[in-house]
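A.B. asks: Here's a sequence, model it:
(2 chains)
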Amino acid sequence: MVATRSAPRAGSTPATSLAIEARDLVKVYPGKIQALNQLSFQVAPGTIYGLLGPNGAGKSTVIKILTTLAAPDSGRALVDGLDVVKQPYQVRRVIGCVAQAPAVDPNASGLDNLRLQGHLYGMPERELKQRAQYLLTSLDLTDAANRLVKTYSGGMKRKLDVAMGIIHRPRVLFLDEPTTGLDPESRAEMWHEISRLAHEEGMTILLTTHYLDEADHLAHRLAIIDHGEVVVEGTPEQLKRELHGDTIQIELEHDDLPEAQRVLVSRDDVREVTTEGRFLRTRVANGATTLPTIMSALENRGIGMISVTVARPSLDDVYLRYSGKTFAQAQEEGAR
Amino acid sequence: MTNTLKAMLYVTGRRVRFLLRQPLYLLITLVQPLIWLLLFGQLFKRITEMPGFMTGSYITYLTPGVVVMTALFSSGWSGMALITDMERGIMNRMLVMPVRRGALAAGSVIYEMIVVLWQALIIIGLGLLLGARFPGGVWSVAALIGCTMLIGAAFASFSNAVALHVRQGESVIGLVTFLQLPLTFLSTTFMAESLMPHWIQIVARFNPVNWAVIVGRQTLSTNVDWSFVATHIGYLIALALICAWFSVTSFRAYQRAI
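C.D. replies: Sure thing, here's the model as predicted:
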C-alpha cells in the first residue's frame, strides 16, 4: 500500500538507514525520579521493535521523547533521521502515535474523530474520505462510524484510536501498551492488525508492552528495560536461546524449600535453582530425561510435590535471568 | 500558513459541532445574564435618579455592562475544555501532530468569540425588549460587540494559559472566579463613575473590563466619541494579543511538566 518506504535495507550506513535511534537518553523528573538512565537502542526500518518492562520502567517516557512530547535532559534521539529536539515539527509529520489510554473524543462520532485527525494532518478531502472508509471497514467499525464514541466499547475505542494513529500513513508508528485492558478477542485482533501494519504497509513500529507473550509474538527485536536502562536486547529467539535448555518448575506440598533446593543443587545436571513462594525453578539441558530422576530424588527425601511442569524457555525466564526477579515481581514493585 | 489557518478552523469546528449537539448549553449560559438584567435592573431601578448615568433608564445603562460581564464569565471557562482534553489524552494527541501551537490556541479563542457574539446579540435583544435604548446607533452597538469579543478573546487566552500551567480543573476555576467578580465590580458595569469611591475610579481606569464597558456606554450617547472608541479598541486588541502570546508559550510549560 505504502510505496514510499521499502523493506529493511541491509548493509547501508547505520546513521541514515535507522528508523529510530536513541542514544544515551537521560530523563529525570522533578523529585529526582530517574525515568531514563543512558538508554540506547536502534530500530531498523519496517520492523517491529518491542520495549518490554514492568510499570514504571521508563517505557512511556521513551515514547514521549521520541514523539516530541517531552525533551530528554541529555542524549539524542533521531526518528527517520530527524532530531526530535531540533526538528520536532518535521518529526511530527512522519510519526503516528497511539497513547496508552484511548485518546478519542467521546462527544463526537467515530467518523468525526477520524476526519478531524486527517484534516489536522492536512490530508486532501478525497484521500481522507477513502482512507477513513478503508480503515473503518478493515477495523470493523463501519456500522458504528456515525455513532458518538461514548457509546463505544473499550475494544472499539481502542480500534478507533489506532485508526486515528495511522490515518496519515506514518512511516514510524508508536504504540504505547496497545492491548492493555483489552479482552482476549480484541487483543488477538489487535495483534493481527499490528503485524499487518508492519508487513503490508511497511511501517516501522515501536511497541511498548508489559506482556511477555505480546513482545514474543510481535517483535522482531526487543529490549527489556528496567529502571530506565536496557537490561538486555536482541531478537526473542536469541534471548531465549541464550538461556540453553528447559525450565522445570516444581510446586512443593509443604514448606520444605531449603531441603528441596539442596537436593537439586547437589546434582550436576542442574543449573541455577531459584525459589519463589513454594515454587522451585531450575533449568536443565533436557527436561524430558532429567525430570523423572529429579522427581525420584525428591521423593526419596520425602519431599511432596503438588505439580511439576517442564517448559521451553520463555521471555519470563529471560527476564528472570537478566533482572534477577520474575516479571510478576517487577510488575508489583513498579505498581508500588 | 494556510495549513495553520485550516488547522485553526478545524479546532474551532470541533468545538462548534459539540455545542450544536447540545443547544441547551447555550440557553443555560444565558440564565445568569437574564438574572442580572431582570433582578438588578429592577432592584436598582431608581438609582438613575442620581446624576452621572447619562440616561434616566437603568436598564439602558445596565445592558452594555451585562453584555461585557457575560463575555467575561463565559470565556473564563475556556481553559476547562483544555483540561478535559488533557484528561482524555486528546491534548497530547494534538501536540504530536504537525499542527502549530498557535493554531490550537487560536482555534479555541475563535470558538469563544463566536459564543460571546451569540450571547451579546441575545442580551442586547433582551435589553431592547426590557426597554433599553441605544441612541448611539447601530455602529456604536457594533463597537460594543467588538469590544466584548476582544475582552472574551483575552480572557479565554488567559484561561487557556492558566490551564496549561496548572493542568488541574480546580485551580483554573479558582483563579478565574477569583478575577471575574473583582474585575466586574471595579468597573462601571453597575455604577456610574462619578458615584464610585475615588480609589475605584483610579483602579477602573486600568481595568480592561471597564475599557469594554465604557466603549459600550457610547451606545447611550447621541454624539459618539469615535476617537475615544478607537483608542480603547486599540488597548483591547493589544491586551488580547498579549494574552494570546501568553497562551501559546504556555504549551511549552505544559510539555515540560508531562
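A.B. asks: switch to C-alpha atoms for all contacts and neighbour counts from now on
C.D. replies: Fine.
A.B. asks: So which bits of stretch A:229-241 are buried?
C.D. replies: With burial defined by 16 or more other Cα atoms under 10 Å in any protein chain shown, the residues of stretch A:229-241 counted as buried are A:229, A:230, A:231, A:233, A:235, A:236, A:239, A:240.
A.B. asks: which residues are contacting stretch A:133-144?
C.D. replies: A:110, A:145, A:152, A:156, A:159, A:160, A:163, A:167 (Cα atoms under 8 Å, 6 or more residues apart in numbering or on different chains).
A.B. asks: Assign the fifth one to helix, strand or coil.
C.D. replies: It refers to residue A:159. Look at residue A:159: counting by DSSP: H, G, I helix; E, B strand; the rest coil, its state is helix.
A.B. asks: Number of residues surrounding it?
C.D. replies: The number of residues packed near residue A:159 is 23, by other Cα atoms under 10 Å in any protein chain shown.
A.B. asks: That one and chain B, how far apart?
C.D. replies: Residue A:159 is 15 Å from chain B, where distance means Cα to the nearest Cα, to the nearest Å.
A.B. asks: Need the phi and psi values for the residue lying closest to that residue once chain neighbours are set aside.
C.D. replies: The shortest distance from residue A:159 to any non-neighbouring residue, by Cα to Cα, 6 or more residues apart in numbering or on different chains, is to residue A:139 (6.6 Å). Torsion angles at residue A:139 (phi, psi; degrees, to the nearest 10) stand at phi -100, psi 10.
A.B. asks: Show the pLDDT at residue A:139.
C.D. replies: The model reports residue A:139 with a pLDDT of 88.
A.B. asks: Please tell me how far it sits from chain B.
C.D. replies: Distance, residue A:139 to chain B, by Cα to the nearest Cα: 20 Å.
A.B. asks: Kindly tell me how buried that residue is, as a neighbour count.
C.D. replies: Counted with other Cα under 10 Å, residues neighbouring residue A:139 total 16.
A.B. asks: go on, residue A:300?
C.D. replies: Using other Cα under 10 Å, residue A:300 has 10 neighbouring residues.
A.B. asks: just residue A:303 next, same as before
C.D. replies: Around residue A:303 there are 18 residues (other Cα under 10 Å).
A.B. asks: before we move on, what about the one 4 residues further on?
C.D. replies: Neighbouring residues of residue A:307 were enumerated by other Cα under 10 Å; the total is 11.
A.B. asks: cool, residue B:8 as well?
C.D. replies: The burial count for residue B:8: 25, using other Cα under 10 Å.
A.B. asks: cool, the one 4 residues further on as well?
C.D. replies: Counted with other Cα under 10 Å, the neighbours of residue B:12 add up to 22.
A.B. asks: and the next element down the chain from the helix or strand containing it?
C.D. replies: Assessed by DSSP states H and E, residue B:12 sits inside helix B:2-21. Note on helix B:2-21: by DSSP H and E, the next helix or strand toward the C-terminus is helix B:23-28.
A.B. asks: near chain A, anything from that following helix?
C.D. replies: No. Using Cα under 8 Å from any Cα of the partner chain, helix B:23-28 never reaches chain A; the gap is at least 13.8 Å.
A.B. asks: what mean pLDDT does that helix have?
C.D. replies: Per-residue pLDDT values over helix B:23-28 give a mean of 84.
A.B. asks: coming back round to it: may I see the buried residues of stretch A:229-241 arranged in a markdown table, with secondary structure as well?
C.D. replies: Converted to a markdown table, the buried residues of stretch A:229-241 look like this (three-state DSSP):
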| residue | secondary structure |
| --- | --- |
| A:229 | strand |
| A:230 | strand |
| A:231 | strand |
| A:233 | strand |
| A:235 | coil |
| A:236 | helix |
| A:239 | helix |
| A:240 | helix |
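A.B. asks: which one among the residues you listed gets closest to residue B:208?
C.D. replies: Residue B:208 lies nearest to residue A:229 out of the buried residues of stretch A:229-241, by Cα to Cα, at 52.9 Å.
A.B. asks: I'd like to know how far that closest one sits from residue B:49.
C.D. replies: For residue A:229, the distance to residue B:49 equals 78 Å [Cα to Cα, to the nearest Å].
A.B. asks: in the stretch 51-200 of chain A, which spans are strands?
C.D. replies: Applying DSSP state E, counting those that start in this stretch to the stretch 51-200 of chain A gives strands spanning A:74-79, A:82-83, A:95-98, A:172-176.
A.B. asks: Out of those, flag the one nearest chain B.
C.D. replies: strand A:95-98 (7.5 Å; Cα to the nearest Cα).
A.B. asks: Packing partners of the closest one?
C.D. replies: Applying 3 or more Cα pairs under 8 Å, 6 or more residues apart in numbering or on different chains; DSSP states H and E, we find strand A:95-98 packed against helix A:154-166, strand A:172-176.
A.B. asks: Direction included, what does it pair up with?
C.D. replies: Paired strands of strand A:95-98, with direction, are strand A:172-176 (parallel) (DSSP bridges).
A.B. asks: any idea how far the partner strand is from the chain center?
C.D. replies: The chain centroid and the centroid of strand A:172-176 are separated by 10 Å under Cα atoms, centre = their mean, to the nearest Å.
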